[in-house]
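1. for reference, the sequence and a predicted model appear below.
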Amino acid sequence: MFKFKKGVSPIIAAVLLVVITIAIGATTMAFIRSLSDQNLASAQEKTERIACGTDVSFSIVAISDEYKICKGTDYLEASIRNTGSRAIKDFRLVALGDNISTVEENRASNLAIDSYSTMNITYTAENVSEFVIEPIIQGQPGQDIICSDSALTWQAVNIENC
């Protein structure tokens, strides 16, 4: 009855089963590895964002209740103190007015913990109503992180002229 039946030889069947099993395993491993890489990058970014909120803090220096910040026609000068527990690499100034001027300067590079520096940053906005000073910290090698949550905002009318 089974004399004329043709089928796959047991050796070829075994080889096919092994190849299919390896292909499924490799596909599953590649999928899991891509998920792990995405989660690792996301976790590192969130860790750096947490550092912005918990480790980064700065203030404008005040002497006898007078803040050391003043503005010129196209620049802002401020004496800054790092009051956080992490070094600040740089600052970004955002001047809000008729147009928005965003300037990054390396004037206060690597402001160490509990140290002071004076920054003098020029901007191009006209009729400025508000200044936002945002600290920048070192993230992964080659990446800077702007800590917008730790920014200081000053109304231009509250800043004296230099």
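-> Ah, there it is.
2. what's the distance between residue 156 and residue 123?
-> 11 Å (C-beta to C-beta, to the nearest Å). (C-beta placed from N, C-alpha, C; glycine too.)
3. who's more crowded, these two?
-> Using other C-beta atoms under 10 Å as the criterion, residue 156 and residue 123 rank with residue 123 on top: 21 against 16.
4. now the more buried one. Its backbone dihedrals?
-> phi -140, psi 170 (degrees, to the nearest 10).
5. contact partners for it?
-> 74, 75, 76, 93, 95, 101, 103 (C-beta atoms under 8 Å, 6 or more residues apart in numbering).
6. are we agreed that the last one is in a strand?
-> Yes: remark: residue 103 belongs to a strand, assigned using DSSP: H, G, I helix; E, B strand; the rest coil.
7. ok, it touching residue 121?
-> Yes: at 5.4 Å, residue 103 counts as touching residue 121 under the criterion of C-beta atoms under 8 Å.
8. what sits in contact with each of these two?
-> Common neighbours of residue 103 and residue 121 (C-beta under 8 Å, 6+ apart) are residue 93.
9. residues in contact with residue 81?
-> 58, 59, 60, 61, 114, 115, 116.
10. how about 10 Å then?
-> 57, 58, 59, 60, 61, 62, 68, 111, 114, 115, 116, 117 (C-beta atoms under 10 Å, 6 or more residues apart in numbering).
11. of the contacts of residue 123, grab the buried ones for PyMOL.
-> Buried subset of the contacts of residue 123, written as a PyMOL selection, criterion 16 or more other C-beta atoms under 10 Å:
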select buried, resi 75+76+93+95+101+103
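12. CSV for the contacts of residue 123, including secondary structure?
-> Output for those, formatted as CSV (three-state DSSP):
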residue, secondary structure
74, coil
75, strand
76, strand
93, strand
95, strand
101, strand
103, strand
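13. point to the residue nearest the middle of this protein.
-> Central residue of the chain (C-alpha atoms, centre = their mean): residue 145, 2.7 Å from the mean position.
14. so what's that residue closest to, chain neighbours aside?
-> Distance criterion C-beta to C-beta, 6 or more residues apart in numbering; nearest residue to residue 145, sequence neighbours excluded, is residue 139 at 4.3 Å.
15. hmm, that neighbour is touching residue 56, no?
-> No: with contact defined as C-beta atoms under 10 Å, residue 139 does not reach residue 56; the gap is 11.7 Å.
16. and for these two, which residues touch both?
-> Joint contacts of residue 139 and residue 56 (C-beta under 10 Å, 6+ apart) are residue 145.
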